[in-house]
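In: return atomic coordinates for the entry below.
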Amino acid sequence: MKVWITLNLFVAFITICKGDSPFQPREKSVPFIVYFLSRYRGICVGTLVSRTAVLTAAVCVTHPLTVTKDTRPINVIATTFYRHPRRGIRIQVTKIIIPKWVNVTSNRGYLMQSSPALMLLKQTVPDIVAEVPMRGITVDFENDSFTLHDECAMIGWHFFYKGDVIYQKKKFLLQRNMRVQFLNIAKKRLWCDPLSVRFHAALVNLGFIGYSDESTAICLRDAERTAQPCHGMYGSPLICHGAVVGMMMAPDAQWSNCTGFSNLIHIFKSNSLIPYMKCVQSLFVPEFVMDWETMKKSFYEDVKDEYDYVTELYDALLENSGSTEEK
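Out: Modelled structure (predicted):
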């Protein structure tokens with residue numbers, strides 16, 4: 001009897017400790033995530049919507065107070081889940097498509113912090129030379145089926161854990177391995193109202209006069225208070241029901257010290273973004289299409305053998321090319 005009680009307590013302890021803690025996904029289970037060095041936000045995350053198009057946050061490629069376009073080159077690092085200078089393949093960005101903002105500085109600053117940007121890549125990377133073959137994921141900007149306590153996921157390289165050291169001057173330690181965290185949609189009034197106030201105050205400092213549209217963002221929270229997405233993850237996608245529905249876009253809508261265990265994430269289904277999303281929709285070519293339950297399972301175990309044929313095809317090419325038979 002004592003052994004049975006001890007075993008039950010041990011299982012309960014493991015369940016409680018696991019919670020919604022960020023974890024390293026299975027290799028090749030997230031072939032749609034890339035990253036790049038931003039001149040404005042350090043490291044930013046990007047989401048492949050096709051093999052040659054990356055969706056990221058607008059704050060990663062431009063500045064709210066700069067009207068002139070930044071034409072300096074950007075290289076996206078793809079085909080890897082481990083962040084290291086010698087890992088991955090660098091692909092040059094040839095064009096950046098951003099929403100058409102009003103030239104007034106105040107409105108531009110407000111819209112930019114709640115808008116994505118689409119980067120077009122110079123070339124595709126063959127699967128045979130990629131550590132993780134590149135695949136575009138589905139983007140959903142028309143469905144509005146968010147309900148309270150829905151489970152979603154965010155992916156990136158910086159999750160602030162409970163008890164982590166807070167460095168001075170907003171310096172944060174980025175992890176090397178990619179991580180996934182499951183988060184729940186929470187009531188904004190309880191958990192994200194301070195973030196909304198902070199966001200609006202920052203917009204006022206930029207010269208914005210008016211009220212921000214609260215329907216453009218949803219509130220996410222780790223119910224176990226284990227960790228949360230933090231700075232260094234701008235452009236990180238919010239995946240709900242197997243599709244990307246939003247993104248971490250606004251730096252001023254996050255906790256400055258990363259200890260609030262809640263996030264204000266802007267969604268694509270908003271009045272200001274729907275025209276832009278419809279305009280660039282023709283560039284979306286999703287290949288990584290899964291339902292939500294299958295996608296969650298794929299983070300832990302292999303559910304598709306879509307890459308196995310590549311090795312066989314390469315071996316066949318080598319055998320044919322090495323033949324010396326004359327005909």
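
In: quick one: secondary structure of V30?
Out: coil (DSSP: H, G, I helix; E, B strand; the rest coil).

In: run a quick neighbour tally on it.
Out: The number of residues packed around V30, counting by other C-beta atoms under 10 Å, is 25. C-beta here means a position set from N, CA and C on the backbone, and glycine is covered the same way.

In: got it, and L148?
Out: 9.

In: pretty sure it is in a strand, no?
Out: No. Read with three-state DSSP, L148 is coil and lies in no strand.

In: got the phi/psi numbers for it?
Out: The phi/psi pair for L148 (degrees, to the nearest 10) reads phi -60, psi 140.

In: do I have it right that it meets A186?
Out: Yes. Proximity of L148 to A186 meets the contact threshold set by C-beta atoms under 8 Å, at 7.4 Å.

In: what distance do you get for V204 to Y234?
Out: Applying C-beta to C-beta, to the nearest Å, one obtains 21 Å for the distance of V204 from Y234.

In: higher neighbour count, those two?
Out: Neighbours were counted for V204 and for Y234 using other C-beta under 10 Å; Y234 has more, 26 against 14.

In: got a list of what that one touches?
Out: By C-beta atoms under 8 Å, 6 or more residues apart in numbering, the residues touching Y234 are S38, R41, C44, V45, T56, A57, V59, C60, M248, M249, P251.

In: again, 7 Å this time
Out: When contacts are counted by C-beta atoms under 7 Å, 6 or more residues apart in numbering, Y234 is found next to R41, C44, A57, V59, C60, M248, M249, P251.

In: what's the helix or strand for the second one?
Out: So the one you mean is C44. When elements are defined using DSSP states H and E, C44 is found to belong to strand 42-50.

In: who are the packing partners of that strand?
Out: In this structure, strand 42-50 packs against strand 33-38, strand 53-57, with contacts taken as 3 or more C-beta pairs under 7 Å, 6 or more residues apart in numbering; DSSP states H and E.

In: could you rerun that using 10 Å?
Out: strand 33-38, strand 53-57, strand 75-78, strand 116-121, strand 151-156, strand 237-240, strand 243-247 (3 or more C-beta pairs under 10 Å, 6 or more residues apart in numbering; DSSP states H and E).

In: which neighbours do L148 and A186 share?
Out: The overlap between the contact sets of L148 and A186 (C-beta atoms under 10 Å, 6 or more residues apart in numbering) consists of C219.

In: columns neighbour count, distance to E224 and pLDDT on top of the contacts of Y234, output as CSV?
Out: CSV is the format used below for those (neighbours: other C-beta atoms under 10 Å; distance: C-beta to C-beta, whole Å; pLDDT from 0 to 100):
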residue, neighbour count, distance to E224, pLDDT
R41, 18, 28, 85
C44, 26, 27, 94
A57, 28, 27, 95
V59, 26, 29, 91
C60, 26, 29, 92
M248, 27, 20, 95
M249, 27, 25, 92
P251, 18, 25, 87
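
In: would you list those residues in TSV and tack on distance to M277?
Out: Formatted as TSV, the entries for the contacts of Y234 read as follows, by distance: C-beta to C-beta, whole Å:
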residue	distance to M277
R41	22
C44	19
A57	14
V59	18
C60	18
M248	17
M249	13
P251	22
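
In: looking at the residues you listed, which one is closest to M295?
Out: Nearest to M295 among the contacts of Y234, counting by C-beta to C-beta, is M248 at 19.2 Å.

In: correct me, but the closest one touches S236?
Out: Yes. In this structure M248 lies within contact range of S236 using C-beta atoms under 10 Å: 4.7 Å.

In: overlap in contacts, these two.
Out: Common neighbours of M248 and S236, counting by C-beta under 10 Å, 6+ apart, are C44, V45, A57, M154, G156, P229, C230, N263, I265.

In: among the residues you listed, which two are most distant?
Out: Within the shared contacts of M248 and S236 (distances taken as C-beta to C-beta), the two that end up farthest apart are C44 and N263, at 15.9 Å.

In: where does the protein dip in pLDDT?
Out: Under the criterion of pLDDT under 70, the regions of the chain flagged as low confidence span 1-20, 65, 67-68, 102-106, 144, 166-173, 304-327.
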